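Engineer: got a structure for you, letters missing:
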């Protein structure tokens, strides 16, 4: 059997054709390998966009993973400005077709792939029944905080921190050096403490203690304090200033105060029982003094006036005191004169005879001021007038006469006027109240109320007032 000239054996027998095919295969393989990160050609993809707060160290062709499995690549990273003025990074993601649709409650996080700084995007699909359509943008709210990179972790160990760590380690080393037996004893005691504390801890974590609610309440409490964190910080700054001031006077002042406080408190404990009766009596004293103090407040203007008047008197008292000695000598000489004691006895008897009358008549002046008012009114009556004379040159009386008004003042009467007319009634008070002994404290004269249509003889039942005007009124 003979092979045809144009068969496989003919192609293989041509070195040029075999070399051309080999070069073509190599070129296609290199092209596919070069574009493998960008996705294979003629393969459908699920394209989405995503907003993240920071796209630092995230570059084109970084992987996108779900559960550690590569599901796509990042095609592009570019900055965008949000509506509130903030700047974020927008990721152009090309995902595999089997990821579609990605639930709308999914989250994403930029995580480090190696300590060298290479990163990838981790998607965490949600469980929503709705998904993102191709070309949609995952909002910024779905981005989770980026984990701390190892370089950021090591950046916290700056020179100041390293020096502080060295000092702390030196201090800890000095504190622990040579204290091995004490530490062993502490660990042995802690073991017994843990064994003893197990029942207590079991009760503490029991559902009946509601210990979990304590932490939730503590969390709510901290959430309440969060808005006033700046105020609390200011308070701690103020406390720092205050305690700094205390530190400056701690030695020796505060130290001596602390040292001397126990004996002082012991002395106070012993003295207070003895002081308590004095305080009780003092309380009674001030309670009894309160009415007098109130009265003193009312009479303080009078006392002030008396003090102002008393200063000139006290200034003149030396002259008066100088005259008291000859006056006293004269009184002693007068006392020694014959008949003085007889006269004094007669004067005492005279005063005793006047005492009842003075007690009865005295209130008419001391309480009602009648004598002063009488002289003042008489003086006013005979001093005031006009060009024709004083006001008391004439008195007009109009008697209420007539047969229909018996016992009126126009003619002799056999009885007090008692009607029948409304104006034909006698009002007469021969002995008005003067606040004398046995009488009510009323100044009746000048205060009687006129009772129309009634005959009133003596003190009426109603008065305009109970006092008269004083001498200055």
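Structural biologist: Looks like it came in fine. Being a predicted model, the structure only gives us computed values, none of them experimental.
Engineer: just how off-centre is the host helix or strand of residue 295 within its chain?
Structural biologist: Assessed by DSSP states H and E, residue 295 sits inside helix 255-336. Computed by Cα atoms, centre = their mean, to the nearest Å, the chain-centroid distance of helix 255-336 equals 42 Å.
Engineer: elements contacting it?
Structural biologist: On a contact count with 3 or more Cβ pairs under 8 Å, 6 or more residues apart in numbering; DSSP states H and E, helix 255-336 meets no helix or strand. In short, each C-beta sits where N, CA and C put it, glycine included.
Engineer: Helix or strand next in line after it, which one?
Structural biologist: Immediately after helix 255-336, counting by DSSP H and E, sits helix 340-366.
Engineer: Would you mark the buried spots in the helix or strand following that next one?
Structural biologist: Next along the chain after helix 340-366, taking DSSP H and E as the criterion, comes helix 370-383. The neighbour-count check on helix 370-383 (16 or more other Cβ atoms under 10 Å) flags 370, 373 as buried.
Engineer: and helix 370-383 with helix 340-366, angle?
Structural biologist: Orientation check (axes from the mean of the first three to the mean of the last three Cα atoms, to 10 degrees): helix 370-383 against helix 340-366 gives 70 degrees.
Engineer: what packs against helix 370-383?
Structural biologist: Helix 370-383 packs on helix 340-366, strand 389-390, going by 3+ Cβ pairs under 8 Å, 6+ apart.
Engineer: for the chain, what's the longest strand?
Structural biologist: strand 69-81 (DSSP state E).
Engineer: and residue 272, how many neighbours?
Structural biologist: Counted with other Cβ atoms under 10 Å, the neighbours of residue 272 add up to 10.
Engineer: same deal with residue 72?
Structural biologist: 22.
Engineer: can you pull the contacts of it?
Structural biologist: 45, 46, 63, 64, 93, 94, 95, 96, 99 (Cβ atoms under 8 Å, 6 or more residues apart in numbering).
Engineer: repeat for residue 179
Structural biologist: Per Cβ under 8 Å, 6+ apart, neighbours of residue 179: none.
Engineer: Check the gap between it and residue 188 for me.
Structural biologist: 14 Å (Cβ to Cβ, to the nearest Å).
Engineer: next one: residue 346
Structural biologist: Taking Cβ to Cβ, one finds residue 346 at 115 Å from residue 188.
Engineer: And residue 292, by the same measure?
Structural biologist: On the measure of Cβ to Cβ, residue 292 and residue 188 end up 76 Å apart.
Engineer: quick one: the helices in the stretch 51-200 of the chain?
Structural biologist: 150-155, 159-176, 180-205 (DSSP state H, counting those that start in this stretch).
Engineer: Could you dump these into CSV and include mean neighbour count and distance to residue 467?
Structural biologist: Listed next are the helices of the stretch 51-200 of the chain as CSV, based on neighbours: other Cβ atoms under 10 Å; distance: least, Cβ to Cβ, whole Å:
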stretch, mean neighbour count, distance to residue 467
helix 150-155, 11, 97
helix 159-176, 10, 91
helix 180-205, 10, 82
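Engineer: Format these as TSV; extra columns: mean pLDDT.
Structural biologist: Below are the helices of the stretch 51-200 of the chain laid out as TSV (pLDDT from 0 to 100):
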stretch	mean pLDDT
helix 150-155	70
helix 159-176	87
helix 180-205	85
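Engineer: To residue 455, which of those lies closest?
Structural biologist: Counting by Cβ to Cβ, residue 455 lies closest to helix 180-205 out of the helices of the stretch 51-200 of the chain; the figure is 98.9 Å.
Engineer: How far off centre is the helix or strand just after that closest one?
Structural biologist: As assigned by DSSP H and E, the chain's next helix or strand after helix 180-205 is helix 211-225. Put simply, helix 211-225 sits 25 Å off its chain's centre (Cα atoms, centre = their mean).
Engineer: quick one: average pLDDT of helix 211-225?
Structural biologist: Throughout helix 211-225, pLDDT has a mean value of 86.
Engineer: residues in contact with residue 419?
Structural biologist: Here residue 419 is in contact with 425, 453, 455 (Cβ under 8 Å, 6+ apart).
Engineer: are any of those buried, and which?
Structural biologist: Buried among the contacts of residue 419 by 16+ other Cβ under 10 Å: 425, 455.
Engineer: mind putting the contacts of residue 419 in TSV, pLDDT included?
Structural biologist: Below are the contacts of residue 419 laid out as TSV (pLDDT from 0 to 100):
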residue	pLDDT
425	83
453	83
455	86
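Engineer: In a markdown table, list the contacts of residue 419 along with distance to residue 210.
Structural biologist: A markdown table is the format used below for the contacts of residue 419 (distance: Cβ to Cβ, whole Å):
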| residue | distance to residue 210 |
| --- | --- |
| 425 | 93 |
| 453 | 89 |
| 455 | 92 |
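Engineer: List just the nearest of the contacts of residue 419 to residue 326.
Structural biologist: Proximity of those to residue 326 (Cβ to Cβ) peaks at residue 455, which lies at 65.9 Å.
Engineer: Dump the helices of the stretch 51-200 of the chain to CSV, plus distance to residue 331.
Structural biologist: Formatted as CSV, these follow (distance: least, Cβ to Cβ, whole Å):
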stretch, distance to residue 331
helix 150-155, 112
helix 159-176, 99
helix 180-205, 99
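Engineer: And the ones you listed: which comes nearest residue 88?
Structural biologist: Evaluated with Cβ to Cβ, those place helix 150-155 nearest to residue 88, the distance being 19.6 Å.
Engineer: Contact partners for the closest residue to residue 450 other than its chain neighbours?
Structural biologist: Leaving aside its chain neighbours, residue 450 sits nearest to residue 427 (6.5 Å; criterion: Cβ to Cβ, 6 or more residues apart in numbering). By Cβ under 8 Å, 6+ apart, the contact list for residue 427 reads 448, 450, 451, 455, 456, 457.
Engineer: So which of these belong to helices?
Structural biologist: Among the contacts of residue 427, no residue falls in helices (DSSP state H).
Engineer: Narrow those residues to those that are buried.
Structural biologist: Of the contacts of residue 427, these count as buried by 16+ other Cβ under 10 Å: 448, 455, 456.
Engineer: Please list all residues in contact with the first one.
Structural biologist: Residue 448 is in contact with 427, 429, 432, 459, 460, 463, 464, counting by Cβ under 8 Å, 6+ apart.
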